[in-house]
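1. 3D model of this:
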Amino acid sequence: MPIDEPIAIFQDLYARARERCAEPDAMVLSTVDADGRPSGRYVLLKEVDARGFSFYTNGGSRKARALTANPHAALTFYWPPDKQVRIEGAIEQVTDAEADAYFATRPRDSQIGAWASAQSTELSSRAQLDQRIDETSRRFDGATVTRPPFWTGFRVIPQSIEFWTRDVARLHERVIFQRADGGGWDRSLLFP
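-> Numbering: from 1, shown residues only. Below is the predicted model:
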């Protein structure tokens, strides 16, 4: 694997994490909203390629509103016992075709849930959500569940990717790749 290609390095580490971690695709997504307030939460990586790192959500969710207002984000992966990857970059929305294709692979209950949940808004009781799930299930009874128009994906286009490896003396190895002019990557080391 070329040591100057961070996406390939990530894909190799991710493949190894899939063999030993319960949820290797869990990543902390950090955003800053229009008022400058930061927020972090776990989301699931659904695709990584040369374009970037993709995940999906309700377009009305707090994270989607923050990404729309301030289209930059950071991702953090931690794969015990010794690997961390940090990614920072700009945001772009995936295409409708990409969102449709991914939505079609989701379990039916997750598809129903995407329609039923007004994500990040106040819920009066669990019974309210259960009622919305029942109504949505009846609506799509015997039919394919289509992607809601408010449900989409986002891609973090990496400007920097840092690979961190734990050292028992806390002298961790930190290798950072930063996007260079012309699209390549500059590689450097950071003090622990």
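2. Go ahead and confirm Val48 touches Phe77.
-> No: at 10.5 Å, Val48 does not count as touching Phe77 under the criterion of Cβ atoms under 8 Å. C-beta here means a position set from N, CA and C on the backbone, and glycine is covered the same way.
3. what touches both of those two?
-> Tyr14 (Cβ atoms under 8 Å, 6 or more residues apart in numbering).
4. In terms of neighbours, single out the busier of those two.
-> Shown here are Val48 and Phe77; by other Cβ atoms under 10 Å, Phe77 has more neighbours (22 against 18).
5. Which of the three states applies to the nearest residue to the more buried one once chain neighbours are set aside?
-> Spatial nearest neighbour of Phe77, chain neighbours left out: Val85 (4.4 Å); criterion: Cβ to Cβ, 6 or more residues apart in numbering. State at Val85, reduced to three classes by DSSP: H, G, I helix; E, B strand; the rest coil: strand.
6. pLDDT at Val85, what is it?
-> Looking at Val85, its pLDDT is 98.
7. Just list whatever residues bridge to it.
-> Phe77, Phe163 (DSSP bridges).
8. Quick check: it vs Lys63, distance?
-> Look at Val85 and Lys63: by Cβ to Cβ, to the nearest Å, they are 20 Å apart.
9. Do a quick rundown of the strands in this structure.
-> Taking DSSP state E, the strands of the chain run over residues 26-32, 38-44, 47-49, 52-58, 72-79, 83-93, 151-165, 173-179, 185-190.
10. just checking, what packs against the fifth one?
-> Okay, so that is strand 72-79. Counting contacts by 3 or more Cβ pairs under 8 Å, 6 or more residues apart in numbering; DSSP states H and E, strand 72-79 packs against helix 6-20, strand 26-32, strand 83-93, strand 151-165.
11. which parts of stretch 135-152 are buried?
-> 136, 145, 147-148, 151-152 (16 or more other Cβ atoms under 10 Å).
12. same thing with stretch 169-178?
-> Here stretch 169-178 shows 174-177 as buried, counting by 16+ other Cβ under 10 Å.
13. coming back round to it: any chance of the helices and strands packed on strand 72-79 in TSV, plus distance to Leu67?
-> Formatted as TSV, these follow (distance: least, Cβ to Cβ, whole Å):
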stretch	distance to Leu67
helix 6-20	21
strand 26-32	6
strand 83-93	5
strand 151-165	6
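14. Around the closest residue to Gly40 other than its chain neighbours, how many other residues sit close by?
-> Excluding the flanking residues, the one nearest Gly40 by Cβ to Cβ, 6+ apart is Ser30, at 4.5 Å. The tally of other residues near Ser30 (other Cβ under 10 Å) stands at 18.
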